[in-house]
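Undergrad: Here is my input, please return the structure:
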Amino acid sequence: MSKKVIVIGSGPGGYPAALRLKELGAEVAVVEAWDFGGTCLNRGCIPSKAFLDTGHRVHAFEGLRKLLKDGSGVNFSAAMLDWDKVKARRAEVVSKLRTSLERLFQAKKIEVIRGKAVFSGSNEVTITGPQGEIKRQFDTAILAAGTRPIFPPPFRDYQEQLTDSDRIFDLPRLPKSLLIVGGGVIGLEFACFFNAIGVEVSVLELLPDILAGEDPQVSRAVRSSFEKRGIKFHFGKKAAGVVFSGGLKTVELEDGTRLAAEEIMVGAGRAADLTGMGLETLGLPWDRRGVKVNDRLLTSAPNIYAVGDVNGISLLAHSAGRQGEIAAENIMGASRAFDADIVPKCVYAWPEVGTVGLNKAQAEARGLTVKTSRAFYLGIGKAVATDETEGFVQLVFDAADETVLGAQIVGGPATELIHVLALAVKLKLKRRDLREIIYAHPTMAEAIHEALAK
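TA: Below is the predicted model:
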């Protein structure tokens, strides 16, 4: 008799789990309260990349201006963009991918139930949706409900007047100025996009620098690039309140500084979306970071797994996808662990950022003695030929045997190149192993080769 599994959430954690469960012979149903595909597809990864693509095209055209014939009459500027068309393109991209995913589930004959799931017993959920209220029994359940944007004080008092990383895609008009609260990945990607299309952008970050937890060299390189393009940063200052006057929204800081913009986007983080799911029925404690799990992704309840953002291990779509697959396999008899050290972390702005494994400070915090080597794109032929000389590749080695512990890439196709080094971290390759690879010329990957030679 096959196992009955309920997957709550159809995002990048839930849908890979459901597909793998079906493949392994489980009887599986997915419950989704909102849009199929979750935050990543509908309000996160995909729509933001559609926006960034538009911004990058504008940025690339600006780079061509010096090659145009004098008097050519080309007068393109970001101000000529039609905001409604930019939004429509994003919506079209999302719709195509969501439709494709829904058709895949139909082809695989995986049941999708629309509605809000609440645990009404240790082996039962009550689902309230368009079909009314139904109850479903299960042997095992996977929590993959994702997260929602948070509004820290004092911004939580003004949620309706401000926007967040979910709602910014649907702004009725393009603001002339935008203040972004939060200097993490979400805030920086939107800062990059809106700056590229002509919006005056500033970023307010409570910490001393952007991209908390990344190598300082990475944060410094990205911040410097953004500042050269006119993005302003305000660090280490706490907000005291928000004032609305004359069409402007003004953040008042505790030191008396006032930051005004037509629109304010709060991108200061996300919290697990587990409210009202009846977890107390299961005896499962949770907080804004989610539910605690072991390395097999099992919660303290013997038949409940939690994957993706709701377990707080690694708030990334690709982490959620791998966790979903691992949980599915463990439910069906395997005993597999999730390794957070091999998860690539990416920023899709320009310059791109891709990091994996440990940076120098993280390795030293684990008691390791390390050495680093770095190569700048300024010395790479492909980078010079394509005018993409911003950034570097940095490798972190165990000083004892030169095992690759981690890597940081800024610039170029960093989000693609990082996978080479993720493999090196996973397989515990040494410097000499990577040096034996032949790197095609001319490519941006030659920066890895140059870093190995340092």
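
Undergrad: Show me the shaky parts of the protein.
TA: 1, 73-74 (pLDDT under 70).

Undergrad: give the contact list for the residue most central in space within it.
TA: Geometric centre of the chain, nearest residue: residue 316, 5.0 Å, by C-alpha atoms, centre = their mean. For residue 316, the contacting residues are 343, 345, by C-beta atoms under 8 Å, 6 or more residues apart in numbering. In short, each C-beta sits where N, CA and C put it, glycine included.

Undergrad: With residue 184 as the reference, measure out to it.
TA: Residue 316 sits at a distance of 12 Å from residue 184 (criterion: C-beta to C-beta, to the nearest Å).

Undergrad: do the same with residue 149
TA: 12 Å.

Undergrad: Give me the common contacts of these two.
TA: 267, 269.

Undergrad: ok, which stretches of the stretch 51-200 of the chain are helices?
TA: Chain-ordered helices for the stretch 51-200 of the chain, with DSSP state H, counting those that start in this stretch as the definition, fall at 83-107, 185-196.

Undergrad: Pull the residues that contact whatever helix or strand comes next after the shortest one.
TA: Tracing the chain past helix 185-196, the next element assigned as helix or strand by DSSP states H and E is strand 200-205. Around strand 200-205, the neighbours that count as contacts under C-beta under 8 Å, 6+ apart are 176-183, 187-188, 191, 194-195, 210, 230-237, 239, 251, 259, 261.

Undergrad: Quick check: can you name the pairing partners of strand 200-205 and their directions?
TA: strand 177-181 (parallel), strand 232-235 (parallel) (DSSP bridges).

Undergrad: in the first one, what counts as buried?
TA: The one in question is strand 177-181. 177-181 (16 or more other C-beta atoms under 10 Å).

Undergrad: that older thread, CSV please, covering the strands paired with strand 200-205 and showing distance to residue 55.
TA: As requested, these are arranged in CSV below (distance: least, C-beta to C-beta, whole Å):
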stretch, distance to residue 55
strand 177-181, 13
strand 232-235, 18
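
Undergrad: and the contacts of strand 200-205, which are buried?
TA: Looks like the contacts of strand 200-205 have 177-183, 187-188, 191, 194-195, 210, 231, 233-234, 237, 239, 251, 259, 261 buried, using 16+ other C-beta under 10 Å.

Undergrad: which residue ranges form the helices in the stretch 351-454 of the chain?
TA: 360-365, 381-385, 414-426, 431-435, 446-452.

Undergrad: Comparing these, which comes out most buried?
TA: Highest mean neighbour count among those (mean count of other C-beta atoms under 10 Å): helix 446-452, with a mean of 22.

Undergrad: That one - contacts with which helices or strands?
TA: Applying 3 or more C-beta pairs under 8 Å, 6 or more residues apart in numbering; DSSP states H and E, one finds that helix 446-452 contacts strand 370-376, helix 381-385, strand 392-398, helix 414-426, helix 431-435.

Undergrad: Make CSV out of the helices of the stretch 351-454 of the chain and add distance to residue 344.
TA: Supplementary listing: the helices of the stretch 351-454 of the chain in CSV, determined by distance: least, C-beta to C-beta, whole Å:
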stretch, distance to residue 344
helix 360-365, 15
helix 381-385, 21
helix 414-426, 5
helix 431-435, 16
helix 446-452, 14
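
Undergrad: between those helices, which gets nearest to residue 349?
TA: Proximity to residue 349 (C-beta to C-beta) singles out helix 414-426 among the helices of the stretch 351-454 of the chain, at 10.2 Å.

Undergrad: which helices and strands does the closest one pack with?
TA: Counting by 3+ C-beta pairs under 8 Å, 6+ apart, helix 414-426 packs on strand 345-347, strand 353-357, strand 404-410, helix 446-452.

Undergrad: Same list (the ones you listed) but as CSV, adding distance to residue 27.
TA: Output for these, formatted as CSV (distance: least, C-beta to C-beta, whole Å):
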stretch, distance to residue 27
strand 345-347, 36
strand 353-357, 37
strand 404-410, 41
helix 446-452, 46
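
Undergrad: tell me the residue furthest from the middle of this protein?
TA: residue 71 (43.1 Å).

Undergrad: which residues does that one contact?
TA: Here residue 71 is in contact with no residue (C-beta under 8 Å, 6+ apart).

Undergrad: Now do it against residue 52, distance only.
TA: 33 Å.

Undergrad: again with residue 85
TA: On the measure of C-beta to C-beta, residue 85 and residue 52 end up 16 Å apart.

Undergrad: Between these two, point out the one with more neighbours.
TA: residue 52 (19 against 10; other C-beta atoms under 10 Å).

Undergrad: List the residues that contact that one.
TA: 189, 192-193, 348-349.
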